[in-house]
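Trainee: show me how the following folds:
(one chain, ligands or ions: 2)
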Amino acid sequence: MTKTLTIRRPDDWHLHLRDGDMLRAVLPHTSRDFARAIIMPNLVPPVVTGDDARAYRDRIMAALPADHDFTPLMTLYLTENTDPDDVAAAHADGLIAAVKLYPAGATTNSASGVTDFTRVAPVLERMAQIGLPLCTHGEVTDPEIDIFDREAVFIDRVLDPMRRNHPGLRVVMEHITTSNAVDYVKAHDTGLAATITTHHLVINRNHILAGGIRPHYYCLPVAKRETHRLALRAAATSGDPRFFLGTDSAPHTDANKLLPCGCAGCFTAPNTLPILAEVFEQENALDRLEGFTSLNGPAFYGLPANDATLTLVRETPEIPAQIDTPEGPVTVFDPGMPLNWTV
Ligand code: DOR
Ligand code: ZN
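Mentor: Numbering: from 1, shown residues only. Ligands and ions are numbered 1, 2, ... in the order given. Coordinates of the predicted model:
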């Protein structure tokens, strides 16, 4: 039985760090294990311009523990007023690694997102020219569309037309939750990839809703039925380089989760690697963990893999149920299974 597993240091290709006290409380849980992360721009107000991204990057670096080696890869929040020149300048400066598309109203702090996709065509055109990836929150917001269908409908109504209109545009389908998304990625191999979260490899919609409602499992896109979870596990553990880790670790205080209308998000930064090791071992794919966490993402983004390594040992990890923050406790994602690997 394998007792230790050494992999190149992982990166997280989709992460929410927030700001201020929350940033200082959650960042070390990522920077301890991960060398880099794509930082989501859905602050209030959002990170819209190159100047916003520079200031946010400086706040992240100021919050970093002195002995941690971590590089935030910044993103801009795409609005209908985004200036293509500002985006191109931020990219040329090496400041941003991607632009994030939120359909307006799709998720937490997405009110400034896109409603009329024709209005962002000039930005997408420029991004295609300069090779800057677009990260998509792939859900339509049409109230007529059932929440469990919103990802599949987004692919048909928004993503596929957008990719046809902008053939060179590199796209990362973020936090995919359906076999439809897996199939779409596999069928279109140029400039298209997808991130998969830790929690969507572990829970299906029954975990949220059967036998009582569990707000800590509520996130967006919401977990789907079991067949979809199995498709995600197969994709993540397949070795296909188009699939890589984006945890979407999204801290909210318990006070904001446990409400009549609670926030969406699972906080997985503290235990993502033990959970992933468990999942990959269950799928007899421990030898493919490194590809998913440490190789496929950099390859898509055109960055070198990390030289440093991280070692997992077969020991029961000590994971706190919650972390304390000045804003209140934040519950750590409970995978609902024993974990046997420790970083
Ligand atoms: O569950 C989620 N939480 N999904 C998102 O898209 C946003 C995130 C957040 O910012 O809390
Ligand atoms: Zn997210």
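Trainee: T6: how many residues sit nearby?
Mentor: 10 (other C-beta atoms under 10 Å). For the C-beta atoms, the positions are set from N, CA and C on the backbone; glycine is no exception.
Trainee: which parts of this protein sit against ligand 1?
Mentor: By C-beta under 6 Å from any ligand atom, the part of the chain that sits against ligand 1 consists of H16, N42, T107, T108, H137, C219, L220, D248, A250, A264, G265.
Trainee: any regions of this protein where pLDDT drops low?
Mentor: For the chain, no stretch is flagged by pLDDT under 70.
Trainee: if we go to 90?
Mentor: Within the chain, the ranges that satisfy pLDDT under 90 run 1-2, 104-112, 117, 189-190.
Trainee: Serialize the residues of the chain next to ligand 1 to JSON lines and add fields for neighbour count and distance to D86.
Mentor: Listed next are these as JSON lines, based on neighbours: other C-beta atoms under 10 Å; distance: C-beta to C-beta, whole Å:
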{"residue": "H16", "neighbour count": "25", "distance to D86": "23"}
{"residue": "N42", "neighbour count": "22", "distance to D86": "18"}
{"residue": "T107", "neighbour count": "20", "distance to D86": "24"}
{"residue": "T108", "neighbour count": "19", "distance to D86": "24"}
{"residue": "H137", "neighbour count": "25", "distance to D86": "21"}
{"residue": "C219", "neighbour count": "26", "distance to D86": "31"}
{"residue": "L220", "neighbour count": "21", "distance to D86": "28"}
{"residue": "D248", "neighbour count": "28", "distance to D86": "26"}
{"residue": "A250", "neighbour count": "29", "distance to D86": "27"}
{"residue": "A264", "neighbour count": "16", "distance to D86": "29"}
{"residue": "G265", "neighbour count": "23", "distance to D86": "29"}
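Trainee: for stretch 328-336, buried residues please.
Mentor: By 16 or more other C-beta atoms under 10 Å, the buried positions in stretch 328-336 come out as V330, T331, V332, F333, D334, P335.
Trainee: and if you look at stretch 267-284?
Mentor: Under 16+ other C-beta under 10 Å, the buried positions of stretch 267-284 are 267-281, 283.
Trainee: ok, stretch 224-231 next?
Mentor: Using 16+ other C-beta under 10 Å as the test for burial, stretch 224-231 gives K224, H228, R229, A231.
Trainee: could you check how far that stretch is from the centre of its chain?
Mentor: Computed by C-alpha atoms, centre = their mean, to the nearest Å, the chain-centroid distance of stretch 224-231 equals 18 Å.
Trainee: helix, strand or coil for H216?
Mentor: helix (DSSP: H, G, I helix; E, B strand; the rest coil).
Trainee: contacting residues around it?
Mentor: K257, C266, T331, F333, D334 (C-beta atoms under 8 Å, 6 or more residues apart in numbering).
Trainee: what lies in contact with stretch 55-62?
Mentor: So stretch 55-62 is in contact with L17, D19, L23, L27, I39, P41, L43, V47, P72, M74, L95, going by C-beta under 8 Å, 6+ apart.
Trainee: just the CA atoms of that stretch, as CSV, please.
Mentor: The C-alpha trace of stretch 55-62 is given here as CSV (Å, rounded to 0.1, in the frame of the first residue of the first chain):
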residue,chain,number,x,y,z
ALA,A,55,-4.4,47.2,-5.3
TYR,A,56,-6.1,43.9,-4.5
ARG,A,57,-3.0,41.9,-5.3
ASP,A,58,-1.0,44.2,-2.9
ARG,A,59,-3.6,43.6,-0.1
ILE,A,60,-3.3,39.8,-0.7
MET,A,61,0.5,40.0,-0.5
ALA,A,62,0.3,42.1,2.7
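Trainee: please state the offset of that stretch from the chain centre?
Mentor: 20 Å.
Trainee: try stretch 116-124
Mentor: Counting by C-alpha atoms, centre = their mean, stretch 116-124 is centred 23 Å from the centre of its parent chain.
Trainee: lovely, talk soon.
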